[in-house]
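# Quick one, structure for this:
(2 chains)
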Amino acid sequence: MKVQVLYFAWLRERIGQGREVVETEAATVADLVAELRAREERYDLAFSDMGAIRCAVDQALAPVETPLDGVREVAFFPPMTGG
Amino acid sequence: MSEADFDLGAEAARLEAGEETGAVVTFTGRVRGGGGLRRMVIEHYPGMTERALTEIAGEAARRWPLSGTMIYHRHGSLAPGDRIMMVATASRHREAAFAAASFLMDYLKSRAPFWKKEETDDGADWVAARDADEAALERWNE
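Just a heads-up that it's a prediction; the model follows:
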C-alpha cells in the first residue's frame, strides 16, 4: 500500500524533505519507522530517539502501535510548541 | 491561520454581536525579543492544525457557556515584537470568558501542531517543549 509520510521541524531537516509517498507493507506506525530506519542512515539518525517524536495518523495524534490498515497519511514531529 | 498580521480590535469586535454577550476576553501572544533573537519561524501542519484548533475551540464551547470563540495563529517568519497569535472568547459573564481563554492557551501550547524555530546571532534552533506546558493541561482534567 502507499502511504503519504510527512515530517516537520527538526525531523524534516534531518531527513531532508517534508513529505514523501512510501510503499510499505508495515502493519503499524512502529513497523513503518523500523522500515524507514533500515532504509538509509538519515532516517536511522532522525528516528534514533522515539521518546522525542510524536506521531499523527490521518491528522490525529496517535500512538506508534496504531495499525496502518486503510491509513492515508502518517506524520512525524517533535512535541508541539504553539501559542 | 495566516502569514498575515491581524487587527486585535477588529477581531474582538466580531465577538460583540448580540446584547447577551456581557464579556469579551482577548489574549495576544508576541515574539519575545532579547537573547540575540533575530527571527522566529513558525511551522505548522496544514490541515491538521486547522482541525486541532477547531477541536480545541469546540471543547471550550462544551465546557463553558460561550457566545463566541476565535483563534488566530500566524505562521512563517516573524520579528521580535511581532504578534504571533490571539484568542478571544465571549460569554454572558467574565468568569467563563477568562477561564475559556486560559484553557484555549494551555491547549494551544502543546496540542496544536505548531513548531517554533529561533534564529539568533549564534545560529538557529528549534524551541523545545516545556514540561510546564504539559503540566498546565492537567488542571483542566481534575
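# Check which helices and strands the host helix or strand of residue A:55 sits against.
Taking DSSP states H and E as the definition, one finds residue A:55 inside strand A:54-57. In this structure, strand A:54-57 packs against strand A:73-77, with contacts taken as 3 or more Cβ pairs under 8 Å, 6 or more residues apart in numbering or on different chains; DSSP states H and E. C-betas here are computed from N, CA, C, even on glycine.
# Who are the packing partners of the strand it packs on?
strand A:2-7, helix A:9-15, helix A:29-39, strand A:54-57.
# Contacts for the third one, please.
If I follow you right, that is helix A:29-39. Around helix A:29-39, the neighbours that count as contacts under Cβ atoms under 8 Å, 6 or more residues apart in numbering or on different chains are A:3, A:5, A:22, A:24, A:26, A:43-44, A:47, A:50, A:55, A:57, A:62-66, A:68, A:74, A:76.
# do stretch B:22-34 as well
Residues outside stretch B:22-34 that contact it (Cβ under 8 Å, 6+ apart) are A:83, B:8, B:11-12, B:15-16, B:37, B:40, B:68, B:78-94, B:96-98, B:100-101, B:104-105.
# Now a PyMOL select for only the buried ones of the residues you listed.
Taking 16 or more other Cβ atoms under 10 Å in any protein chain shown as the burial criterion, the selection of buried members of those in PyMOL is written as:
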select buried, (chain A and resi 83) or (chain B and resi 11+12+15+40+68+78+83+84+85+86+87+88+89+90+91+96+97+98+100+101+104+105)
